[in-house]
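K.L.:
Sharing a sequence plus its predicted fold:
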Amino acid sequence: MDRAQVAGRLLANLESRYDQLRREGFAGIAEQWCLRSGFVGRQIRVSAVGGEAAGDVASDVAGEVLGLAPDGALCLKRSDGSEYRVVAGDVTVIDGYE
């Protein structure tokens, strides 16, 4: 692979997404993330979680990925049916990566 060509394509794509973000706001980027992520609908575990409210820290949260919130938080549906917003943490897919 030609590194300069790869870098050029990467930067062109990044600029295109940045332009989209400026035109459409975060919603357009979030939609594309959900389509490409492979996480939506999967069961995950998040360790060292920062979520729900500012300063909320839990050791572990597990649930099904619903998608992204308008502010970029990862939205989970926990086994008890409640929803949880994750703003930071280490993600592990429970049933493994495909």
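P.N.:
Thanks, I have it.
K.L.:
buried ones in stretch 64-72?
P.N.:
Going by neighbour count (16 or more other C-beta atoms under 10 Å), the buried part of stretch 64-72 is 64-66, 68. Where C-beta positions appear, they are placed from N, C-alpha and C, glycine not excepted.
K.L.:
Could you tell me whether Cys34 really is in a helix?
P.N.:
Yes: counting by DSSP: H, G, I helix; E, B strand; the rest coil, Cys34 is part of a helix.
K.L.:
In this model Gly67 seems to touch it, though I could be wrong.
P.N.:
Yes: under the criterion of C-beta atoms under 8 Å, Cys34 makes contact with Gly67 at 5.0 Å.
K.L.:
what's the overlap in contacts for those two?
P.N.:
Jointly contacting Cys34 and Gly67 under the rule C-beta atoms under 8 Å, 6 or more residues apart in numbering are Val40.
K.L.:
for this protein, which spans come out with low pLDDT?
P.N.:
Counting by pLDDT under 70, the low-confidence segments of the chain come to 48-58, 97-98.
K.L.:
With just CA atoms, put the longest helix seen in it into PDB.
P.N.:
Of all segments of type helix in the chain, defined using DSSP state H, the longest is helix 3-24. Extracted C-alpha coordinates of helix 3-24, given in PDB (Å, rounded to 0.1, in the frame of the first residue of the first chain):
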ATOM      1  CA  ARG A   3       1.000   5.300   2.700                       C
ATOM      2  CA  ALA A   4       0.600   8.700   1.100                       C
ATOM      3  CA  GLN A   5      -2.500   7.500  -0.800                       C
ATOM      4  CA  VAL A   6      -4.000   5.900   2.300                       C
ATOM      5  CA  ALA A   7      -3.400   9.000   4.300                       C
ATOM      6  CA  GLY A   8      -4.900  11.200   1.600                       C
ATOM      7  CA  ARG A   9      -8.100   9.100   1.400                       C
ATOM      8  CA  LEU A  10      -8.300   9.000   5.200                       C
ATOM      9  CA  LEU A  11      -8.100  12.800   5.400                       C
ATOM     10  CA  ALA A  12     -10.500  13.300   2.600                       C
ATOM     11  CA  ASN A  13     -13.100  11.000   4.300                       C
ATOM     12  CA  LEU A  14     -12.500  12.800   7.600                       C
ATOM     13  CA  GLU A  15     -13.100  16.200   6.000                       C
ATOM     14  CA  SER A  16     -16.300  14.900   4.400                       C
ATOM     15  CA  ARG A  17     -17.600  13.700   7.800                       C
ATOM     16  CA  TYR A  18     -16.600  17.000   9.400                       C
ATOM     17  CA  ASP A  19     -18.500  18.900   6.700                       C
ATOM     18  CA  GLN A  20     -21.500  16.600   7.300                       C
ATOM     19  CA  LEU A  21     -21.300  17.300  11.000                       C
ATOM     20  CA  ARG A  22     -21.300  21.100  10.400                       C
ATOM     21  CA  ARG A  23     -24.300  20.800   8.000                       C
ATOM     22  CA  GLU A  24     -26.500  18.300   9.800                       C
END
